[in-house]
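Engineer: Sequence first, predicted model second:
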Amino acid sequence: MAMLEVKDIHTYYGNIHALKGVSLEVNQGEIVTLIGANGAGKTTTLRTISGLLKPRQGSISLNGEDLHKYPAHELVYKGIAMVPEGRGVFSKMSVQENLEMGAYHRNDKAAILSDMDYIFGLFPRLKERRRQVSGTLSGGEQQMLATGRALMSRPTLLLMDEPSMGLAPILVEGIFDTIEAINKEGTTVLLVEQNALMALSIAHRGYVLQTGQMVLTDNAEKLKKNEMVQKAYLGID
Amino acid sequence: MFKKTLARLSWVDIFLRVLQLVAAIVIVYGLVTTFTTARYSSEQWATLAFAGLAQGSIYALIALGYTLVYGILLMINFAHGEIYMAGAFSTVFLAMYFDRNGFLASNPLVAIIVLILFSAAISSGIAILLERIAYRPLRNAPRLIPLITAIGASFLLQYTFRGLFGSQFRSYPEVSILRGTWTILGFNVPIVQPVVFLAAVSLMITLYWYVERTKAGRAMRAVSEDKAVARLMGVDIDKVIVSTFALGGALAGAAGVFNGLFRPQGVFFLMGFFPGIKAFTAAVLGGIGNIPGAMFGGLLLGLIESLGPNAVLEGLGIPAANQLKDAIAFTVLVLILIFRPQGIFGERLAEKKA
Ligand SMILES: Nc1ncnc2c1ncn2[C@@H]1O[C@H](COP(=O)(O)OP(=O)(O)OP(=O)(O)O)[C@@H](O)[C@H]1O
Ligand SMILES: [Mg+2]
């Protein structure tokens, strides 16, 4: 049984049928990437998994448990955390307060403090700026903060929506290294990316989404060599 | 060059500039005439200022309710004046009872604290009910709709209280320890004014501490910034919204008792209207959604209202200027809405999500 099983979900925005039967699986310990063009429904898929949107049809289960009955704010207790598209840092709060928000559902104060030290080890830049108002951080720093904040909840499944968006190539590499490191320490990752080449280079498997439907899935190596993926997402003719 | 600049200005801009200039000239002219003719002694100004601060601290407490709810829901809870009335009106009966059985005289401090808690509980309860019944079902409706509902809720509350207790005026009993005066900075000040002021300010400091330093306050700020992300962190936003209404209601209820101590008369079912609108003015003045702004705006409005008639209006030769207090508050509201809609501390409204 896969850790996360998404079966044939249909999600709507009012009358707009954004996901038309999406299925995917993520196994414990994997990095799985979801690639697709703008508007394909990647963000919608993550928002549906995280409970912010409810599918009209289909099911989502985590470790065999159906998630449908849980409101979004209870899923963090199940081990799901998300780094939202555009980072979603609380811009009026300090870096430290943002990290504390990540640990909102926890009450183990000592462990929260040591986790914060771990995050500061991972992102020393954040430590220097722990009292700074987050809205004044650079894009790269905000991405670090959003990632650190998600990790503060000690997720077993981390959903990441375009962590490389708007970042210089050198920073993108840093972020992807971090994702690999997080994964090696035991966190399962579902990664949405436009930067398909980078995503496929760290992922174990991948899915390709096209206008609300899953059109392809394979292991990362094979996807990289797939002709259609090369044409549409890797810019190779 | 000059022509180009001129061309970019619209007629509305020019009109507003002129209006601004006229307003400034009128105010300065009034002030200058008043102070060059030395109409009042510094003793009299101080009396007005202390009363203004006490009144302003009451406005500030009510204003916080508007600002807290706006900060979280981007909605003006126009029934907030009635939430204040509900506490103040219900509590007048308990106060009269404490007066009759001698509790207020024998144990004034305890009695007043009980009154404050009682009033806070009533106002808070009503605020929670309003949120639950009237506003929550409309949370995703266009913004005008909850506004209309709030006005409806106002009438409902007013006439419910009228139905329950009739339309006659009631008064808070006099508290003997609050009679008399203190000497502050060499001026004689009625004790009740600094007491109300200090009590209100300590409530405001407590609120500020709660919002800025506690986990629940942090969750509140998170919801006000981004509801979806707050939910991802495990924040139950319905609970946060209810507690925001409860908190705003409690402060309004406390303000109701402070008002009863400061100005015992005039307790009746429409008593929430003016304080409500003035506190709203104070919240807008400080920058709606901004907590220190509401506090500062309340105090400032109290002072303007108290000093304004004598300092500005009389200088302009307006007779019986003291009766124009309420007009001053509304003039302030109109002026800020025209010239600085974001208020003193506020960010521009346009850049808020909404
Ligand atoms: N709030 C919304 N209301 C209505 N339609 C929406 C909304 N959000 C997304 N959509 C529509 O749903 C579809 C999928 O959008 P989604 O944001 O999931 O795409 P995406 O794959 O994440 O794209 P991108 O790479 O640009 O982030 C699009 O057609 C989009 O227009
Ligand atoms: Mg997206």
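Structural biologist: Thanks, I have the structure now. Ligands and ions are numbered 1, 2, ... in the order given.
Engineer: contacts, neighbours, all on C-alpha from now
Structural biologist: Will do.
Engineer: tally of neighbours for A:R205?
Structural biologist: 24 (other C-alpha atoms under 10 Å in any protein chain shown).
Engineer: which residues does the closest residue to it other than its chain neighbours contact?
Structural biologist: Leaving out its chain neighbours, the residue that sits closest to A:R205 by C-alpha to C-alpha, 6 or more residues apart in numbering or on different chains is A:N219, at 4.0 Å. By C-alpha atoms under 8 Å, 6 or more residues apart in numbering or on different chains, the contact list for A:N219 reads A:H204, A:R205, A:G206.
Engineer: Tell me which of the residues you listed fall in helices.
Structural biologist: Of the contacts of A:N219, none are assigned to helices by DSSP state H.
Engineer: any idea which of those residues is closest to chain B?
Structural biologist: A:G206 (24.5 Å; C-alpha to the nearest C-alpha).
Engineer: Which secondary structure state does the nearest residue to that closest one once chain neighbours are set aside sit in?
Structural biologist: Nearest residue to A:G206 in three dimensions, chain neighbours excluded: A:T33, at 4.6 Å (C-alpha to C-alpha, 6+ apart). Following DSSP: H, G, I helix; E, B strand; the rest coil, the label given to A:T33 is strand.
Engineer: Counting neighbours, what do you get for A:T33?
Structural biologist: 28.
Engineer: Likewise for A:E221?
Structural biologist: Residues near A:E221, counting by other C-alpha under 10 Å, number 15.
Engineer: Does B:S124 lie in a helix or a strand, and which?
Structural biologist: helix B:108-129 (DSSP states H and E).
Engineer: Can you show me the CA trace of that helix as CSV?
Structural biologist: C-alpha atoms of helix B:108-129 as CSV (Å, rounded to 0.1, in the frame of the first residue of the first chain):
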residue,chain,number,x,y,z
PRO,B,108,-16.6,49.0,45.6
LEU,B,109,-13.6,47.5,43.9
VAL,B,110,-14.9,44.0,43.9
ALA,B,111,-18.4,45.2,42.8
ILE,B,112,-17.0,47.1,39.9
ILE,B,113,-14.9,44.2,38.8
VAL,B,114,-17.9,42.0,38.9
LEU,B,115,-19.8,44.5,36.9
ILE,B,116,-17.1,44.7,34.3
LEU,B,117,-16.9,40.9,34.0
PHE,B,118,-20.7,40.6,33.7
SER,B,119,-20.9,43.3,31.0
ALA,B,120,-18.0,41.8,29.1
ALA,B,121,-19.6,38.4,29.3
ILE,B,122,-23.0,39.7,27.9
SER,B,123,-21.4,41.7,25.1
SER,B,124,-19.1,38.9,24.3
GLY,B,125,-21.9,36.4,24.2
ILE,B,126,-23.9,38.6,21.9
ALA,B,127,-20.9,39.1,19.6
ILE,B,128,-20.4,35.3,19.4
LEU,B,129,-24.1,34.8,18.6
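Engineer: Please identify the buried residues of the helix or strand harbouring B:Y59?
Structural biologist: Using DSSP H and E, B:Y59 maps to helix B:42-73. Within helix B:42-73, the residues that count as buried by 16 or more other C-alpha atoms under 10 Å in any protein chain shown are B:46-73.
Engineer: ok, which residues in chain A are in contact with chain B?
Structural biologist: Contact residues, chain A versus chain B (C-alpha under 8 Å from any C-alpha of the partner chain): A:50, A:52, A:72-77, A:81-82, A:84, A:88, A:90-92, A:97, A:101-105, A:150, A:153.
Engineer: Mind checking which of those are in strands?
Structural biologist: Counting by DSSP state E, the residues of chain A next to chain B place A:A81, A:M82 in strands.
Engineer: out of the residues of chain A next to chain B, which are buried?
Structural biologist: Listed as buried from those are A:50, A:52, A:72-76, A:81-82, A:84, A:88, A:90-92, A:97, A:101-105, A:150, A:153; burial here means 16+ other C-alpha under 10 Å.
Engineer: Going by residue numbers, what spans are strands in chain A?
Structural biologist: Under DSSP E, chain A gives strands at A:4-13, A:16-26, A:31-36, A:57-62, A:65-66, A:80-83, A:157-161, A:188-193, A:205-210, A:213-219.
Engineer: that older thread, chain center to the helix holding B:Y59, what's the gap?
Structural biologist: Remark: helix B:42-73 is offset 6 Å from the chain centroid, using C-alpha atoms, centre = their mean, to the nearest Å.
Engineer: for the record, mean pLDDT for that helix?
Structural biologist: The average pLDDT within helix B:42-73 is 92.
Engineer: Same question for stretch B:295-311.
Structural biologist: Mean predicted lDDT for stretch B:295-311 stands at 89.
Engineer: Just the C-alphas of it, formatted as PDB.
Structural biologist: Taking Å, rounded to 0.1, in the frame of the first residue of the first chain, the C-alpha atoms of stretch B:295-311 are listed here in PDB:
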ATOM      1  CA  MET B 295      -6.100  52.800  20.600                       C
ATOM      2  CA  PHE B 296      -4.500  56.000  19.500                       C
ATOM      3  CA  GLY B 297      -7.400  57.000  17.300                       C
ATOM      4  CA  GLY B 298      -9.800  56.600  20.200                       C
ATOM      5  CA  LEU B 299      -7.700  58.800  22.500                       C
ATOM      6  CA  LEU B 300      -7.200  61.300  19.800                       C
ATOM      7  CA  LEU B 301     -10.900  61.500  18.900                       C
ATOM      8  CA  GLY B 302     -11.700  61.900  22.600                       C
ATOM      9  CA  LEU B 303      -9.400  64.800  22.800                       C
ATOM     10  CA  ILE B 304     -10.500  66.400  19.600                       C
ATOM     11  CA  GLU B 305     -14.100  66.100  20.600                       C
ATOM     12  CA  SER B 306     -13.400  67.500  24.100                       C
ATOM     13  CA  LEU B 307     -11.100  70.400  23.100                       C
ATOM     14  CA  GLY B 308     -12.400  71.100  19.600                       C
ATOM     15  CA  PRO B 309     -15.500  73.000  20.400                       C
ATOM     16  CA  ASN B 310     -13.700  75.500  22.600                       C
ATOM     17  CA  ALA B 311     -10.500  75.600  20.800                       C
END
